[in-house]
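>>> This is a predicted model, with the sequence first.
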Amino acid sequence: MAAVLAAGFLVVFAGISGLVRHWRFVRGTDAGDGVRKLQKKPILRLGGLPIFGAFVICFFYLNWFRSGPAGEGLPVALLGLGTGIFLLGFFDDLFGVPAKLKLIGQVAAGRVTRTGPPGMLVW
């Protein structure tokens, strides 16, 4: 378990450090406007990418290598919904998704989680 936590930490740390150092595109950055955003240099908005990578690593570990006494792991639908939310945020960071569309996507994912397949509700 400690090895998976360490792997997740390294994915996040190396991923964010690598993105900050090597991202050379205008898309995915947020420049200061002098009013609300006071940063001098553009800030990277894609920090969720390595965090999602760590989530996927931990999900696969918990689902396939460490299942419960009856062999149940986390529902695979949870990975699908998490991926959908991640992609919504990722496209928002790159292209600027309208707020109404983001809200609809997040409510839809929450609704599927609440009324989805049997065993989907994990809390």
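That came in fine, so what should we check first? Residues are numbered from 1 along each chain as shown.
>>> Nearest residue to residue 92 in space, please, no chain neighbours.
Nearest non-adjacent residue to residue 92, counting by Cβ to Cβ, 6 or more residues apart in numbering: residue 102, 6.1 Å away. The way it works is simple: take the backbone N, C-alpha and C, and place the C-beta from them, glycine included.
>>> oh sorry, the question was meant for residue 85
Among residues not flanking residue 85 along the chain, residue 109 sits closest, at 5.4 Å (Cβ to Cβ, 6+ apart).
>>> Look up how far residue 83 lies from that neighbour.
10 Å (Cβ to Cβ, to the nearest Å).
>>> repeat for residue 110
Residue 110 sits 15 Å away from residue 83 when distances are taken as Cβ to Cβ.
>>> Kindly report the domain assignment for this structure.
1-68, 75-123 (automatic domain parsing).
>>> Quick check: residue 44 touching residue 17?
No. Taking contacts as Cβ atoms under 8 Å, residue 44 lies outside contact range of residue 17: 10.8 Å.
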